[in-house]
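A.B. asks: could you look at this predicted model? Sequence included:
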Amino acid sequence: EIGMGLTGFGVFFLFFGMILFFDKALLAIGNVLFVAGLSFVIGLERTFRFFFQKHKMKATGFFLGGVLIVLIGWPLIGMVFEIYGFFLLFRGFFPVVVGFIRRVPVLGYLLNLPGISSLVDKVGESNNMV
């Protein structure tokens, strides 16, 4: 429960920091809370194994490098690196998330609209190679 709360607050602070024109303090707090919450949810060892798999080193480098760049004080560049690393790291989960959202009544209808459907199908493709 603590891990989910920390992760949720981390996502909130990241989102709020981006809304407030990339406020570096909010983004830094969000990054720390997100990584700490992820560690609490799945455990330290599993978090370490997830981030440092041989085929995910490029993604981990971009994600953690982006966190470091935000902490140094260049939030816009750091967030670009982080977002790219995040999509590389978690792209294996996207098909599951898209499948779940398609079963939600209102969101599923929106995702099945003609223009959005093709975009969501591309995001939801299962391509695990990094």
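C.D. replies: That came through, no problem.

A.B. asks: how does this protein divide into domains?
C.D. replies: Domain assignment for the chain, taken from the TED database, gives 1-91, 92-129.

A.B. asks: so which of the ones you listed is the most packed in?
C.D. replies: Burial of these is given as mean neighbour count (mean count of other Cβ atoms under 10 Å); domain 1-91 ranks first at a mean of 16. C-beta: built from backbone N, CA, C; applies to glycine.

A.B. asks: what about that one, start to end distance?
C.D. replies: 25 Å (Cα to Cα, to the nearest Å).

A.B. asks: I'd like the domains of the chain as a markdown table, with mean pLDDT appended.
C.D. replies: A markdown table is the format used below for the domains of the chain (pLDDT from 0 to 100):
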| stretch | mean pLDDT |
| --- | --- |
| domain 1-91 | 91 |
| domain 92-129 | 79 |
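
A.B. asks: what about the residue lying farthest from the centre of the chain, distance to residue 125?
C.D. replies: In the chain, the residue that sits farthest from the middle, by Cα atoms, centre = their mean, is residue 114; the gap is 26.3 Å. Distance of residue 114 to residue 125, computed by Cβ to Cβ, to the nearest Å: 18 Å.
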